[in-house]
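Student: fold the following, please.
(one chain, ligands or ions: 1)
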Amino acid sequence: MSLLEVLFGRRFPFKFVYHEEYWMLNTGKHVFPVRKYRLIHERLAAMGARKENFLQPEPVSFEDLQFVHSPKYLRKLQTGSLAKDELQALELPFSPELISFARLSVGGTIMAAERALIDGLCVHIGGGFHHAFADHGEGFCLLNDAAVAVEKLQREGRIGRVMIVDCDVHQGNGTAAIFEKREDVFTFSIHQMDIYPSEKMTGSLDVGLWSGDGDGVYLDAIREYFPKLYRDFRPDLVFYLAGADPLAGDQLGGLTVTKAGLLTRDRIVLEGALRMKIPIVILLAGGYAHDPAETTDVHVNTIRTAAVMKRRAARLLGQNGAAFAEQSRFRS
Ligand SMILES: [Zn+2]
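Tutor: Presented below is the predicted three-dimensional model:
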């Protein structure tokens with residue numbers, strides 16, 4: 001192994017799922033920043049990630065989408081016959097390209113989940129469209145990627161119990177509704193109460209915070225539930241929606257959490273799962289800072305934290321001999 005391989009291997013002990021088409025979606029001057037996908041990809045490349053670190057997803061099939069979404073809704077998407085109020089609820093310009101983007105995003109989350117079961121952790125540079133319900137889309141979300149991935153992997157007998165840890169500033173209303181009353185899927189959401197969605201759904205555990213709560217309240221709540229929830233529920237797989245929109249100054253949120261606060265959040269959520277050897281899929285979800293570079297910083301911090309946490313857990317658990325040897329070499 002060359003020195004460069006050792007260095008890069010050290011930096012990213014997992015794969016990224018990413019597709020160039022993520023940032024090609026034309027949303028005009030819309031607040032939804034598809035540009036962040038490209039910026040993150042560039043930042044990772046600058047940090048040493050290479051082509052083989054990235055896996056390219058395929059669009060999900062309409063058959064797989066039916067695990068979650070109603071045939072009626074899927075038909076409307078395919079025929080472009082959403083009603084006016086349905087188009088308004090989406091809050092994004094509807095187009096065939098938007099459907100392609102959404103299908104690719106679902107395919108990406110499925111791929112990342114499959115990979116997490118192999119490597120212990122995988123990062124989807126995309127996904128987290130948690131406002132999509134079984135029979136309609138809203139809030140920039142056409143199709144619920146995490147929900148489809150859960151159903152697909154469960155039906156294939158690859159996982160049983162699943163936990164969704166949704167730390168986007170907006171409640172994961174679609175996800176909560178899809179898995180309502182399901183005992184094998186635990187939906188956790190920590191979100192701001194006085195913003196979209198106006199009507200909150202009931203998940204397995206909802207933590208409602210308020211505008212201006214900041215790092216103290218936010219992190220106290222995270223610490224209260226993690227890693228305890230992992231111990232109590234014992235999931236086979238965790239989906240972590242590492243939203244960047246609790247960040248202070250976000251255009252669509254007001255929680256005023258700092259970058260350092262979000263980094264601590266990431267550490268707590270990731271460390272708990274990794275130490276218990278629970279595979280974890282990271283999805284980006286939202287982030288609407290005025291400057292997309294700010295949103296990108298938060299997402300890249302999550303990825304950096306994941307790399308550090310994964311190595312540390314491997315060392316503690318002694319489950320990865322190569323990583324252990326590598327760490328020892330660098331310490332000496
Ligand atoms: Zn959000």
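Student: pull the contacting residues for the closest residue to the ion within the stretch 151-300 of the chain.
Tutor: Taking CB to the ion as the measure, the stretch 151-300 of the chain has Gly286 as its residue closest to the ion, at 2.8 Å. All C-beta atoms are positioned from the backbone trio N, CA, C, and that covers glycine. If you count contacts by CB atoms under 8 Å, 6 or more residues apart in numbering, Gly286 has them with Gly128, Asp168, Val169, His170, Gly243, Ala244, Asp245, Leu252, Gly253.
Student: ok so the fifth one is a helix residue?
Tutor: No. Counting by DSSP: H, G, I helix; E, B strand; the rest coil, Gly243 is not part of a helix but coil.
Student: next one: phi and psi at it?
Tutor: Main-chain torsions, Gly243, degrees, to the nearest 10: phi -50, psi 140.
Student: tabulate the contacts of Gly286 in TSV, adding columns for neighbour count.
Tutor: TSV is the format used below for the contacts of Gly286 (neighbours: other CB atoms under 10 Å):
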residue	neighbour count
Gly128	28
Asp168	25
Val169	26
His170	25
Gly243	31
Ala244	30
Asp245	26
Leu252	18
Gly253	26
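Student: follow-up on the earlier one: just say helix, strand or coil for the residue of the stretch 151-300 of the chain closest to the ion.
Tutor: Under three-state DSSP, Gly286 falls in the coil class.
Student: apart from its neighbours in sequence, what residue is nearest it?
Tutor: Of all residues not flanking Gly286 in the chain, Asp245 sits nearest, at 4.1 Å (CB to CB, 6 or more residues apart in numbering).
Student: how many residues are close by the closest residue in space to Gly139 that isn't next to it in sequence?
Tutor: With sequence-adjacent residues excluded and distances taken as CB to CB, 6+ apart, Gly139 is closest to His131, at 3.6 Å. Applying other CB atoms under 10 Å, we find 27 other residues in the vicinity of His131.
Student: how close does His131 sit to the ion?
Tutor: His131 sits 8 Å away from the ion, going by CB to the ion, to the nearest Å.
Student: what sits against that residue?
Tutor: Contacts of His131 by CB under 8 Å, 6+ apart are Gly137, Glu138, Gly139, Phe140, Cys141, His170, Gly172, Asn173, Gly174, Pro197.
Student: could you do Tyr196 as well?
Tutor: Gly139, His170, Leu252.
Student: got a pLDDT number for it?
Tutor: For Tyr196, the pLDDT comes out at 96.
Student: doesn't it lie inside a helix?
Tutor: No. According to three-state DSSP, Tyr196 belongs to no helix; its state is coil.
Student: name the helix or strand for Phe67, please.
Tutor: Phe67 belongs to no helix or strand when assigned by DSSP states H and E.
Student: quick check: closest non-adjacent residue to Gln56.
Tutor: Spatial nearest neighbour of Gln56, excluding adjacent residues (CB to CB, 6+ apart): His19 at 5.6 Å.
Student: checking Val217 next. Helix, strand or coil?
Tutor: Per three-state DSSP, Val217 ends up helix.
Student: I'd guessed it sits against Leu209; true?
Tutor: Yes. Assessed by CB atoms under 8 Å, Val217 is found in contact with Leu209 at 6.0 Å.
Student: of the two, who's got more company?
Tutor: Set Val217 next to Leu209 and count neighbours by other CB under 10 Å: Leu209 wins out with 20 against 16.
Student: bridging residues for that one?
Tutor: Following DSSP bridges, Leu209 is listed with bridge partners Gln192.
Student: and the contacts of His131, which are buried?
Tutor: Gly137, Glu138, Gly139, Phe140, Cys141, His170, Gly172, Asn173, Gly174 (16 or more other CB atoms under 10 Å).
Student: run through those residues and flag the ones next to the ion.
Tutor: Residues of these in contact with the ion (CB under 5 Å from the ion): His170.
Student: Val257: which of the buried ones among the contacts of His131 is nearest?
Tutor: His170 (13.8 Å; CB to CB).
Student: what about the closest residue to Val169 other than its chain neighbours, distance to Asp194?
Tutor: Among residues not flanking Val169 along the chain, Gly253 sits closest, at 3.7 Å (CB to CB, 6+ apart). Using CB to CB, to the nearest Å, Gly253 is found at 10 Å from Asp194.
Student: for Ala177, same thing?
Tutor: Using CB to CB, Ala177 is found at 21 Å from Asp194.
Student: Pro227 now?
Tutor: 29 Å.
Student: between these two, which one's more packed in?
Tutor: Pro227 (17 against 11).
Student: give me phi/psi at the residue nearest to Gln56?
Tutor: Here the main-chain torsion angles of His19 (degrees, to the nearest 10) amount to phi -130, psi 130.
Student: same thing with the one 5 residues further on?
Tutor: Here is the backbone geometry of Met24 (degrees, to the nearest 10): phi -90, psi -10.
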